[in-house]
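Asker: How does the following fold in three dimensions:
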Amino acid sequence: MRRTAIFSLLLGMQLALAATSARAECEPFPQIKLWGDYTHERVRNYIETRLDGDWDRYITHLDKRQKAMADLRDQGKPLVLKYKGQRFQVSGPKLGRYINASARRLAVVKCLAAEDSGAAFQSFATAAGGNTPAIETASVRVGGLNLDIEGSCKDGDVTFKVNNLGKRWPKSGTIGIYRLGSGAPQKISARHMRLAAGQLATFKVKASKNPTGRLGLWIEPSWAKRPFAFDAEVACR
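Answerer: Numbering: from 1, shown residues only. Model prediction:
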């Protein structure tokens, strides 16, 4: 089989949308034989097991590759790819189609990252005060963090518990607590910590420091950039 025919086969994209579960909101990846079985689940597993949950690292890699391919196209140079031990030079319209498919792949990866972050950043449900503490939980699996967070409300006092399920943090991070509900969020507490594997950190906010009845917690690692978005929120009266 000639190389052109082989590569045409590689670029045989299945663009029809695959059936997805009710949870899935991101479109399927373009299917190119060169990429193998490229699915949402496989990418999520790769991020979790090989990159310690760091979506940004993978997105940066794909983005750099996308720009490099675009530069080759603009300079009229071919892209060299390998498939089953053979090297192929791709140029012209085929390179354009490959770049377009790669752009779609990058868009889907960004969508998955946002989807997983959204699940990680889920807010606590409203917790009513009283003699029996109301407890809610959330998880953070992004930016190299692997945390479970527990929030409880009792008699207007809020307690956050941050449990590091992953490895020891490579550097210190900031765990900040903010007062919500009256203009811009106001930081009322910040601790710079380097959590060890399995370490549990507890933070308690008295009702007197929570006049609005709403608090948010955000964890900022010093070794990775994260957009400002609360990892957990709790309403407590």
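
Asker: This protein: strands as residue ranges?
Answerer: 79-83, 86-90, 134-140, 147-154, 157-164, 173-179, 186-193, 200-205, 214-221, 232-235 (DSSP state E).

Asker: now, of those strands, which is deepest in the fold?
Answerer: Among the strands of the chain, ranked by average contacts under mean count of other Cβ atoms under 10 Å, first place goes to strand 232-235 (a mean of 24). Backbone N, C-alpha and C define where each C-beta goes, glycine included.

Asker: Could you spell out the sheet neighbours of that one, each with its direction?
Answerer: strand 214-221 (antiparallel) (DSSP bridges).

Asker: Tell me what angle the partner strand forms with strand 147-154.
Answerer: 160 degrees (axes from the mean of the first three to the mean of the last three Cα atoms, to 10 degrees).

Asker: Asn163 and Thr202, how far apart?
Answerer: Asn163 sits 10 Å away from Thr202, going by Cβ to Cβ, to the nearest Å.

Asker: and the lengthiest helix in the chain, how far out from the chain's middle?
Answerer: As assigned by DSSP state H, the longest helix anywhere in the chain is helix 92-120. Helix 92-120 sits 14 Å away from the centroid of its parent chain (Cα atoms, centre = their mean, to the nearest Å).

Asker: what sits against Ile99?
Answerer: By Cβ atoms under 8 Å, 6 or more residues apart in numbering, the contact set of Ile99 is Gln66, Met69, Ala70, Arg73.
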